[in-house]
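Chemist: missing the sequence, but the structure's below:
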């Protein structure tokens, strides 16, 4: 089995989606980049909230006649384009959907996004959506190191988890399991790094990362997390 997918290029493994940045004030930060799955879920929550607002507004249309139709179309346009910008700038980079999933938008330098930055990243949503269902945006996220869609690349932004763990966390207590194949040194380090951090991650984040190692674990989700931790225990010499 080819496990090259477990090893990242450069200095970071695909299992280790943490990035270290230095703010303009000289403060070093370690941030966990949010992947396509959690970002799609956050978008879905925001979409449902907007739809709910549209339905409530549409209930008054029969009483306003043609003027109500024109007003609703104007409101639809304004909400679609101002909703993400207002929340990202005024609510610490978090729309309601992002807040529910524990992620936020930041500038690549680690500072909060401003008006111009947020406007640029959200104007490019039109291009990201092409040819349909954010096709271009998804391809861009999968091809970039920090899961940046085209809007992120143009605006210089990243989407990160708000609760990135720091320091040493407790190791999961699981019985060791030998890996089904021989692992290269960098692959072993990736598995060990995941195990060290897994208990400090949210369950959704741990499942998202562990699913990358499906060629090794033969599983996804919670079972993939457990098997990676078991393999890590075996690699540490626990028998």
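Modeler: Right, received. Where do you want to start? These figures come from a predicted structure and were not determined experimentally.

Chemist: Please make it C-alpha for all contacts and neighbour counts, starting now.
Modeler: Fine.

Chemist: Measure how buried residue 56 is and give me the count.
Modeler: By the criterion of other C-alpha atoms under 10 Å, residue 56 has 11 neighbours.

Chemist: wait, is it part of a helix?
Modeler: Yes: Residue 56 sits within a helix when classified using DSSP: H, G, I helix; E, B strand; the rest coil.

Chemist: Give me the pLDDT for the closest residue to residue 232 other than its chain neighbours.
Modeler: Distances taken as C-alpha to C-alpha, 6 or more residues apart in numbering place residue 192 nearest to residue 232, at 5.2 Å, with adjacent residues excluded. Predicted confidence (pLDDT) for residue 192: 84.

Chemist: Also the one 3 residues further on?
Modeler: Looking at residue 195, its pLDDT reads 84.

Chemist: Just name the shakiest helix or strand of the chain by mean pLDDT.
Modeler: When the helices and strands of the chain are compared on mean pLDDT, DSSP states H and E, strand 18-22 comes out lowest with a mean of 70.

Chemist: quick one on the thing from earlier: for the helix or strand the residue nearest to residue 232 falls within, the distance to its chain's centre please.
Modeler: Per DSSP states H and E, residue 192 falls inside helix 185-198. Computed by C-alpha atoms, centre = their mean, to the nearest Å, the chain-centroid distance of helix 185-198 equals 20 Å.

Chemist: Return the set of buried residues in it.
Modeler: 187, 188, 189, 190, 191, 192, 193, 194, 195, 196, 197, 198 (16 or more other C-alpha atoms under 10 Å).

Chemist: same check, this time on stretch 124-140
Modeler: 124, 125, 127, 128, 134, 136, 137, 138, 139, 140.

Chemist: and the end-to-end length of it?
Modeler: 12 Å (C-alpha to C-alpha, to the nearest Å).

Chemist: pLDDT on it, on average?
Modeler: Here stretch 124-140 scores 90 as its mean pLDDT.

Chemist: ok, now stretch 40-55?
Modeler: 91.

Chemist: Please enumerate residues in contact with that stretch?
Modeler: 76, 79, 95, 96, 97, 98, 100, 101 (C-alpha atoms under 8 Å, 6 or more residues apart in numbering).

Chemist: The same query, at a cut-off of 7 Å, please.
Modeler: For stretch 40-55, the surrounding residues in contact (C-alpha atoms under 7 Å, 6 or more residues apart in numbering) are 96, 97, 98, 101.

Chemist: ok, residue 198 to residue 232 distance?
Modeler: 11 Å.

Chemist: rewinding a little: output the buried residues of helix 185-198 as CSV; include the columns distance to residue 180.
Modeler: Below are the buried residues of helix 185-198 laid out as CSV (distance: C-alpha to C-alpha, whole Å):
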residue, distance to residue 180
187, 13
188, 13
189, 16
190, 16
191, 13
192, 16
193, 19
194, 18
195, 17
196, 21
197, 22
198, 21
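
Chemist: returning to that earlier point: so what secondary structure elements neighbour the helix holding residue 192?
Modeler: With contacts defined as 3 or more C-alpha pairs under 7 Å, 6 or more residues apart in numbering; DSSP states H and E, the packing partners of helix 185-198 are helix 221-235.

Chemist: Tell me the helices and strands packed up against the helix it packs on.
Modeler: Using 3+ C-alpha pairs under 7 Å, 6+ apart, helix 221-235 is in contact with helix 185-198, helix 203-210, helix 214-217.
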